[in-house]
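>>> Predicted model and sequence follow; I will ask about them next.
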Amino acid sequence: MGKIIYHPIGIIHTPFKKTVGVPIQPSAATGIKATITVYPEYREGLADLDGFSHIILLYHFHLSKKYSLKVTHYMDGQLRGVFATRAPARPNPIGLSVVRLLKIEEAVIFIENVDLVDGTPLLDIKPYVPDFDRYEIQKIGWLENNISKLKKIRGDERFGKE
């Protein structure tokens, strides 16, 4: 297979100018607002999107320059396979976040619960549909023994506060 080339459909604007201080996941970014400027040639594709409360963003980790197939995860300090983590430094630096859609005005999408650096190129948008996108989880791999650390970081009621 030859090269695969994607072109951004817009740019995500957030309060985070550097990677330092960016929440680790959208669920740890509760209340953080941002906007997406969709390029004019893709604006027509926003029709009917405002009927959804949440959207899935697919984006390019534009600050990720190199990767390793083994990474040391901050939660346990152990070397893990990159595909068993959500590390941004990956062979194909593509990220995914589910965010809350607040409103759409012209070609600007207003969103909340954002865990991204300002200037992140947006590759695609998909509606989040709980009946399609939510699964009953049986296991969570190596995170099983580290979930209490995530609870402290997130302060999320779904995991309980500690």
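Cool, got the structure.
>>> Quick one: low-confidence residue ranges for this protein.
By pLDDT under 70, the weakly predicted segments of the chain are 24-29, 133-135, 137-140, 142-162.
>>> the strands in it, which residues?
Along the chain, the segments classed as strands by DSSP state E run 10-13, 33-38, 54-60, 70-72, 79-81, 94-105, 108-112, 120-127.
>>> Okay, buried residues for the second one please.
Buried positions in strand 33-38, judged by neighbour count with 16 or more other CB atoms under 10 Å: 34, 35, 36, 38. C-beta: built from backbone N, CA, C; applies to glycine.
>>> who touches the third one in this structure?
The neighbours of residue 36, taking CB atoms under 8 Å, 6 or more residues apart in numbering as the test, are 10, 11, 12, 13, 57, 108, 109, 111, 122, 125.
>>> and if you look at the first one?
Applying CB under 8 Å, 6+ apart, we find residue 34 in contact with 12, 13, 14, 15, 99, 110, 111, 112, 114, 116.
>>> Likewise for the last one?
Contact partners of residue 38, counting by CB under 8 Å, 6+ apart, are 9, 10, 45, 46, 107, 108, 109, 122.
>>> on that earlier part again, show me which of the contacts of residue 36 are buried.
10, 11, 12, 13, 57, 109, 111, 122, 125.
>>> of all those residues, which two lie farthest apart?
Checking those against each other with CB to CB, the farthest-apart pair comes out as 13 and 125, at 14.9 Å.
>>> that older thread, possible to save the buried ones among the contacts of residue 36 as CSV with distance to residue 132?
CSV is the format used below for those (distance: CB to CB, whole Å):
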residue, distance to residue 132
10, 24
11, 27
12, 24
13, 28
57, 16
109, 21
111, 20
122, 21
125, 15
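>>> Which one of the residues you listed is nearest to residue 69?
Residue 69 lies nearest to residue 57 out of those, by CB to CB, at 25.3 Å.
>>> bridging residues for that closest one?
With DSSP bridges applied, residue 57 shows beta-bridge pairing to residue 97, residue 125.
>>> For residue 97, see how far away it is.
Counting by CB to CB, to the nearest Å, the gap from residue 57 to residue 97 is 5 Å.
>>> same check, this time on residue 38
Residue 38 is 16 Å from residue 97, where distance means CB to CB.
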